[in-house]
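J.: Using only what follows, build the 3D model:
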Amino acid sequence: MSLEGKRAPDFTLAGSDGAEHSLQEYAGKTVVIYFYPRDNTPGCTKEACGFRDLHNELAGKGIVLLGVSRDSLASHDKFIRTFGLPFTLLSDPDTAMMTAYGAFGEKVQYGKKSMGTIRSTVVIGPDGMVKKQWPRVAKAESHPAQVLAWLQEQGS
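T.: Sure thing, here's the model as predicted:
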């Protein structure tokens with residue numbers, strides 16, 4: 001399901017900063033939302049730390065970065081503290097937002113099919129339209145640099 005060129009689905013989710021977050025509050029800004037399976041797991045930690053290391057560069061360009069998983073806010077708090085993550089993580093326990101963004105569904109892991117979070121990323125432009133979507137991220141550790149490279153190509 002490609003979202004590129006379409007209006008980004010709205011959402012309202014609780015964030016690790018204690019606030020509710022919705023897409024509307026980011027109108028006029030470029031937003032990078034990355035979806036990941038689980039706090040404190042090897043691939044997710046590498047991806048989060050990659051985004052952490054690029055955060056100042058993204059923030060300097062006025063880009064908002066949000067991470068989303070099904071984990072609880074308590075789990076997010078521990079993940080943020082342990083790895084010094086400077087961005088907000090959103091909790092989507094019922095997977096409504098992830099489903100709307102194609103980030104929850106059938107996946108194959110170790111040859112076994114299951115339902116779960118699909119590691120993926122979207123870039124939403126200031127106009128609320130999806131400018132870029134990575135529907136399935138293969139290499140969590142190198143993906144943050146890939147996102148930054150795409151943003152730089154776009155002049156963001």
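J.: Which residue lies nearest the spatial centre of this protein?
T.: Tyr34 (1.5 Å; Cα atoms, centre = their mean).
J.: Which stretches in the chain count as helices?
T.: Here the chain has its helices, by DSSP state H, at 42-60, 73-83, 96-100, 143-153.
J.: Quick check: beta-bridge partners of the nearest residue to the residue nearest to the centre of the chain once chain neighbours are set aside?
T.: Once flanking residues are discounted, Tyr34 sits nearest to Thr121: 4.4 Å by Cβ to Cβ, 6 or more residues apart in numbering. Just so you know, the C-beta spots here come from the backbone N, C-alpha and C atoms, and that holds for glycine as well. The partner list for Thr121 in beta bridges (DSSP bridges) reads Tyr34, Trp134.
J.: which ones are touching Thr121?
T.: Residues in contact with Thr121 (Cβ atoms under 8 Å, 6 or more residues apart in numbering) are Val32, Ile33, Tyr34, Phe35, Gln133, Trp134, Val137, His143, Val147.
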